[in-house]
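Enquirer: Could you work out the structure for the sequence below:
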Amino acid sequence: MSKPRHLCNYPGCMELIPYDQRYCSKHEYRKPIDQADNQERHKVNQTIYHKRITSQHEGKYQHFYRSSAWKKLSHHWLMMHPLCVNCEAHGIYRKGDLVDHIVELRDDWSKRLDVNNLQTLCYACHNRKTWREKQKRAGKHEQK
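Expert: Prediction:
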C-alpha cells in the first residue's frame, strides 16, 4: 500500500507529494520561516498598527475609526473580502487583518465611507503603505 498524498503547501501548486512532506521538490527552497517566527512578525506588525490607531494626537481620524458606521462597514467588508489584496497580487494568499482606505482620509475626507475606496490588507502591507504615504507627505512639506 502506498503512502497517502496531498498537494504541495506552496500557494497554487498542484503537485501531489507524500503526506509526510510539506513541499514538492520545486518549492522545497521556498520553505516559510519557522511558524513561531512568522507569528512573532505578525504580532509586531499588529502592535505597530494598534499603537498608531490608538495614539492621542490623531483627533477626528481616530474618532471616525471608533464610529459605529465604520465598524459596521469594515466588518462587512472583511467578511466579503477576506484576503490581503497586496499579498494576493504577488501570488500569496494571506488573511487580511483590516480594511484600508486606498486614498487616505487625510487626503480626501469625503471618501471615508466610500466602498470604492476600500481594500483589505494584512498588518504588514498596511504598515508599509502607511509608511510610504508618510514619506510622500513629508516630501511634499519639504518642497514648499
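
Enquirer: quick one: low-confidence parts of this structure?
Expert: 1, 29-37, 53-58, 141-144 (pLDDT under 70).

Enquirer: Tell me where it has helices.
Expert: In the chain, the helices defined using DSSP state H lie at 35-53, 60-65, 68-80, 85-89, 123-143.

Enquirer: Tabulate those helices (TSV), appending mean neighbour count.
Expert: (Glycine included, C-beta is placed from N, CA and C.) Shown next, in TSV, are the helices of the chain (neighbours: other Cβ atoms under 10 Å):
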stretch	mean neighbour count
helix 35-53	13
helix 60-65	14
helix 68-80	12
helix 85-89	16
helix 123-143	13
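
Enquirer: out of those, which comes closest to Tyr23?
Expert: helix 35-53 (14.3 Å; Cβ to Cβ).

Enquirer: need the helices of the chain in JSON lines with distance to Leu7, can you?
Expert: Converted to JSON lines, the helices of the chain look like this (distance: least, Cβ to Cβ, whole Å):
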{"stretch": "helix 35-53", "distance to Leu7": "19"}
{"stretch": "helix 60-65", "distance to Leu7": "39"}
{"stretch": "helix 68-80", "distance to Leu7": "27"}
{"stretch": "helix 85-89", "distance to Leu7": "19"}
{"stretch": "helix 123-143", "distance to Leu7": "26"}
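
Enquirer: for the ones you listed, which one sits closest to Gly12?
Expert: helix 85-89 (11.0 Å).

Enquirer: Now tell me what touches that closest one from outside.
Expert: 93-94, 96, 119-122, 125, 129 (Cβ atoms under 8 Å, 6 or more residues apart in numbering).

Enquirer: how about a cut-off of 6 Å?
Expert: With contact meaning Cβ atoms under 6 Å, 6 or more residues apart in numbering, helix 85-89 is reached by 94, 119-121, 125.

Enquirer: From these, list the buried ones, please.
Expert: 94, 119-121, 125 (16 or more other Cβ atoms under 10 Å).

Enquirer: dump the residue contacts of the residue sitting nearest the centre point of the chain.
Expert: Nearest to the geometric centre of the chain sits Cys122, at 1.3 Å (Cα atoms, centre = their mean). Neighbouring residues of Cys122 by Cβ under 6 Å, 6+ apart: 84, 94, 96-97.
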